[in-house]
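Asker: when you get a sec, could you give me coordinates for this:
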Amino acid sequence: MMVDPVIWDVGYLVSAAMFILGIKRLSSPRTAPQGNRLGAYGMLLAVLITLVKMYTEGIIGYELIISGLAIGTLIGYVMATRVEMTEMPELVALFNGFGGGASALVGLSEVLKRLQNSNVPEPGVELYATWVAIGLSGIVGWVTLTGSLMAMGKLRGGFYIPFTKKDDRGRRKWVRFPTWGPPWMNFVKGAILLACTSLIGLTVHDPHNYDYIYSLVILSCILGVLFVIPIGGADMPVVVSLLNSMSGIAAAFTGFVIGNNVLIIAGSMVGAAGLILTFIMCKAMNRTLIAVLFMSFGGGGRESVTRTKVGSDPEEVAMVCDGITKCVIVPGYGMAVSQAQHAVKEFADLMEAQGVEVSYGIHPVAGRMPGHMNVLLAEASVPYEQLIEMDDINSELTETDVALVIGANDTINPVARSGEGPLGGMPIIDVDKARVVVVIKRSLSVGYAGVDNDLFFEDKTMMLFGDGKKMMNELNGAIKEL
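Answerer: Next comes the predicted model:
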């Protein structure tokens, strides 16, 4: 059955418009849910149009269409309902990998199909453009896939090996992904990248050589692994953002290869938005993109804490909070781990009932992915206007009576101002300028960057040692009893 190609183009245009409007709605926390829905509806429309187009052109049958939709829907539903909020960074990294891998597979299948059908263009502009686009899609796609899998593993701390014998604590063998970046690593990555680009040139001159094609796949996968291995510490949000951008770029290249307009538009938008976010993350980490790509950063070792600090109890903190006028709450990954956001919201409500001005200081890279704290606090119905960005909240902290820190470490560490070490030069939230600092943390252990925090040992700092949610509930109970 022949269908006017204009119909597909109109459908893709509507889908692209929904993407653009969705991104526009994402600019404000209040309209972000609508933006997410618009983007999802646009992608659903694009997928349905593509499947109908493929069916009418006889490329696939309805059995594959229904099977693919059913399997994808089931997997998506299970992941959406079972993944905890604390595991969202790993899930985002995995989705980035899926996007890059899908683009790479489409590009590879297009090459193999053209070779099998002897549909290789004659030497000239068409051959060069097509094969270069396929090669770039493959490089970026495979690098994104393996790099994202490595990022997911590093965020999780490693993976269990299935079917291995459990130890005395009931755990199976564990594969970890250490930070490893010797000085010569950049030369290896540069050599592999040069080899990949050379292979693209070789495939242009000899398109029928399968060895070049599969060598490109293998080297690109290795490059993705080596790309993420040196990265650790507090810099992982930058990497997740960059991989997200790369997945979009791979999709755009693939769209050129197969002539799919919506893939070009959507991929370009994701790539551009991801790069903008990457630069924002780099600025927040005081890094350059070149440093992210070619320098080992984020702290390979971990300092040992030898000092001690006598902890406070919730009753003491409650008395300190009694009669204050301004409180700034600074959340971190520890809040996400303990799922303490609802208890934090209850604390804020109790303070506001006493006439205290409450706001939240949000560091751009707090947590393990961009916007992690915003998502958690929105889940607890925290008013959007109370979420204040780092640059704005810092000017208020000198007039703050109590700065309450829940599970943050690296993003409030004053050592960053020294310009030395893994955190050197990174902008931080200046909680140490508040009159009293209350830190809820399990112990005095170092943060994700492996650097000790002098703030914990200052006289004006009160430490509440324990699980974030448990300590917040006890603090709320103590405030109610005053």
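
Asker: so M462 is in contact with V436, correct?
Answerer: Yes: with contact defined as CB atoms under 8 Å, M462 reaches V436; the gap is 6.8 Å. For every residue, glycine as well, the C-beta is placed using N, CA and C.

Asker: give me the spatial nearest neighbour of E481, chain neighbours excluded.
Answerer: Leaving aside its sequence neighbours, E481 sits nearest to A318 (CB to CB, 6 or more residues apart in numbering; 7.7 Å).

Asker: overlap in contacts of M462 and V436?
Answerer: Taking CB atoms under 8 Å, 6 or more residues apart in numbering as the criterion, M462 and V436 both touch V320.

Asker: so those two - more neighbours on which side?
Answerer: Neighbours per residue (other CB atoms under 10 Å) separate M462 from V436, with M462 holding more: 21 against 17.

Asker: dump the residue contacts of the more buried one.
Answerer: Neighbouring residues of M462 by CB under 8 Å, 6+ apart: 312, 316-317, 320, 436-439.

Asker: restricted to strands, list these.
Answerer: 436-439 (DSSP state E).

Asker: now pLDDT and distance to S241 too, for those residues, in JSON lines please.
Answerer: Converted to JSON lines, those look like this (pLDDT from 0 to 100; distance: CB to CB, whole Å):
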{"residue": "V436", "pLDDT": "95", "distance to S241": "35"}
{"residue": "V437", "pLDDT": "95", "distance to S241": "30"}
{"residue": "V438", "pLDDT": "95", "distance to S241": "31"}
{"residue": "V439", "pLDDT": "95", "distance to S241": "28"}
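
Asker: nearest to G190, of the residues you listed?
Answerer: Set against G190, the nearest of these by CB to CB is V439 (42.7 Å).

Asker: how near is that closest one to S268?
Answerer: According to CB to CB, to the nearest Å, V439 stands 44 Å off from S268.

Asker: of these two, which one has the most company?
Answerer: Just comparing V439 and S268: by other CB under 10 Å the higher neighbour count belongs to V439, 28 against 16.

Asker: got the contact list for that one?
Answerer: Taking CB under 8 Å, 6+ apart as the test, what V439 contacts is 405, 455-456, 461-464.

Asker: then I265?
Answerer: Applying CB under 8 Å, 6+ apart to I265 gives the contacts 12, 16, 19, 255.

Asker: coming back round to it: which two from the ones in strands among the contacts of M462 end up farthest apart in space?
Answerer: Maximum pairwise distance in these, criterion CB to CB, is 10.7 Å, between V436 and V439.

Asker: any idea which of the contacts of V439 is closest to A191?
Answerer: A191 has its nearest neighbour among those in L455, at 43.2 Å by CB to CB.

Asker: from N413, how far out is the closest one?
Answerer: 7 Å.

Asker: which neighbours do those two share?
Answerer: Counting by CB under 8 Å, 6+ apart, nothing touches both L455 and N413.

Asker: which one of those two has more residues nearby?
Answerer: Neighbours were counted for L455 and for N413 using other CB under 10 Å; N413 has more, 27 against 19.

Asker: ok, which stretches of the stretch 351-482 of the chain are strands?
Answerer: 357-362, 387-389, 402-406, 436-441, 461-465 (DSSP state E, counting those that start in this stretch).

Asker: most packed of the ones you listed?
Answerer: Across those, averaging neighbours per residue (mean count of other CB atoms under 10 Å) puts strand 402-406 on top, at a mean of 27.

Asker: what angle do that strand and strand 357-362 make?
Answerer: Angle between the axes of strand 402-406 and strand 357-362 is 40 degrees (criterion: axes from the mean of the first three to the mean of the last three CA atoms, to 10 degrees).

Asker: hang on, V204 packs against W131?
Answerer: Yes: with contact defined as CB under 8 Å, V204 counts as touching W131 (4.8 Å).

Asker: who has more neighbours, the two?
Answerer: Shown here are V204 and W131; by other CB under 10 Å, W131 has more neighbours (21 against 17).

Asker: dump the residue contacts of that one.
Answerer: W131 neighbours (CB under 8 Å, 6+ apart): 200, 203-204, 207.

Asker: again, 6 Å this time
Answerer: Counting by CB atoms under 6 Å, 6 or more residues apart in numbering, W131 makes contact with 203-204.

Asker: so for the lengthiest helix in the chain, mean pLDDT?
Answerer: Looking across the chain with DSSP state H, the single longest helix is helix 125-156. Averaged across helix 125-156, the pLDDT comes to 86.

Asker: what comes up buried for that helix?
Answerer: For helix 125-156, burial by neighbour count (16 or more other CB atoms under 10 Å) applies to 127, 130-155.

Asker: for stretch 208-223, same thing?
Answerer: Under the neighbour-count criterion of 16+ other CB under 10 Å, stretch 208-223 has 212-213, 215-217, 219-223 buried.

Asker: repeat that for stretch 39-48.
Answerer: 39, 42-43, 45-47.

Asker: domains of this protein?
Answerer: Domain assignment for the chain by automatic domain parsing gives 1-82, 88-294, 314-481.

Asker: and the last one, end to end?
Answerer: Across domain 314-481, the straight-line distance between its terminal residues is 11 Å, by CA to CA, to the nearest Å.

Asker: just the contacts of M462 now: which is nearest L475?
Answerer: Once CB to CB is applied, the member of the contacts of M462 that ends up nearest L475 is V317, at 5.7 Å.

Asker: report how many residues lie close to that closest one.
Answerer: Residues lying near V317 (other CB under 10 Å) number 23.

Asker: hang on, isn't it packed against V438?
Answerer: Yes: V317 lies in contact with V438 (CB atoms under 6 Å); the separation is 5.4 Å.

Asker: hang on, the earlier thing: list the residues that contact the residue nearest to E481.
Answerer: By CB under 6 Å, 6+ apart, A318 lies in contact with 478-479, 482.

Asker: then L277?
Answerer: Contacts for L277 (CB under 6 Å, 6+ apart) come out as 241, 370.

Asker: now it: how far from D459?
Answerer: Distance from L277 to D459, by CB to CB: 39 Å.
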